[in-house]
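Asks: only the shape, not the letters, is given here:
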């Protein structure tokens, strides 16, 4: 059987290193990667599966978000005290993550972000319409939620007060996966360590979507549709390539995409 073509929506500027990781993950999973950018767009008919990757913020105009958001306060008593070593260690990780974020091209110019918004929202809608498997990653998960009528918190720190929010490419964040979810079936676990490179998060959930993972403060970490292969994760599994558990996300997408070969 031919290998399924997996389209990967990335930024054009600064997207080379993330693209390398996606190519490798898809290759290991048995698929053929196809990079899609605003400068090199592709029709949905050219792919058997679709990944929408991370990047710049989605325009708030797409989900008509206003400034009024619920402030979710967590008692500081629930946050473990950190000693000096932990503070220094986390600070170093934060600086490292910032540098890696810049290197990996996760911050694009606003004009390119707007172009990505237009292209990726269209491709996601067409993929869902044609039953093409979808994996949204970070920005991609947020875009999936937005095109289904959901909204986003524009700044996590303004909503989840008194909460430590890790910012690192390393798997230092614990999430809780819903039992019986598609995600739990793929990861084969309900307690998972992931990375975190985002400052926005799902607010109102989109139509026909369900929450399949949250962090320990109830921030949405993954969403999925009840039918078909439509999955979004807030973290970056492409950078956790040494983890078989995380590679299973790409393997599952490729497996589901084999059914799409020649069907559109």
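Replies: On my side now, so go ahead. The shown structure was predicted, so the numbers you read here are calculated from the model rather than taken from an experiment.
Asks: tell me the mean pLDDT for stretch 179-198?
Replies: Mean per-residue pLDDT for stretch 179-198: 96.
Asks: quick one, phi psi at residue 130?
Replies: phi -100, psi 10 (degrees, to the nearest 10).
Asks: ok, it touching residue 46?
Replies: No: at 11.9 Å, residue 130 does not count as touching residue 46 under the criterion of Cβ atoms under 8 Å. C-beta here means a position set from N, CA and C on the backbone, and glycine is covered the same way.
Asks: in the top strand by length along the chain, which residues are buried?
Replies: Longest strand in the chain by number of residues, with DSSP state E as the criterion: strand 168-177. Of the residues in strand 168-177, 168-173, 175, 177 count as buried by neighbour count, 16 or more other Cβ atoms under 10 Å.
Asks: okay, helices next: where are they in this protein?
Replies: Remark: helices assigned in the chain by DSSP state H are 16-29, 84-103, 110-129, 139-147, 156-159, 182-187, 244-257.
Asks: helices or strands next to the fourth one in the packing?
Replies: Okay, so that is helix 139-147. Applying 3 or more Cβ pairs under 8 Å, 6 or more residues apart in numbering; DSSP states H and E, one finds that helix 139-147 contacts strand 49-52, helix 110-129, strand 134-137, strand 152-153, strand 201-202, strand 220-225, strand 230-233.
Asks: how about a cut-off of 10 Å?
Replies: Applying 3 or more Cβ pairs under 10 Å, 6 or more residues apart in numbering; DSSP states H and E, one finds that helix 139-147 contacts strand 5-9, strand 49-52, helix 110-129, strand 134-137, strand 152-153, strand 201-202, strand 220-225, strand 230-233.
Asks: any idea which of the ones you listed is most buried?
Replies: Among the helices and strands packed on helix 139-147, ranked by average contacts under mean count of other Cβ atoms under 10 Å, first place goes to strand 49-52 (a mean of 30).
Asks: so how far is that strand off the chain centroid?
Replies: Relative to the centre of its chain, strand 49-52 is centred 11 Å away, using Cα atoms, centre = their mean, to the nearest Å.
Asks: isn't residue 156 up against residue 166?
Replies: No: between residue 156 and residue 166 there is no contact under Cβ atoms under 10 Å: 11.2 Å.
Asks: ignoring the adjacent residues along the chain, who's closest to residue 140?
Replies: residue 52 (3.1 Å; Cβ to Cβ, 6 or more residues apart in numbering).
Asks: find the nearest non-adjacent residue to the spatially most central residue of the chain, please.
Replies: The structure's the chain has its C-alpha centroid closest to residue 137; by Cα atoms, centre = their mean the separation is 1.9 Å. Of all residues not flanking residue 137 in the chain, residue 53 sits nearest, at 5.1 Å (Cβ to Cβ, 6+ apart).
Asks: and the one you found, what is it in contact with?
Replies: 8-11, 15, 18-19, 21-22, 35-36, 106, 116, 120, 135-140, 236, 238 (Cβ atoms under 10 Å, 6 or more residues apart in numbering).
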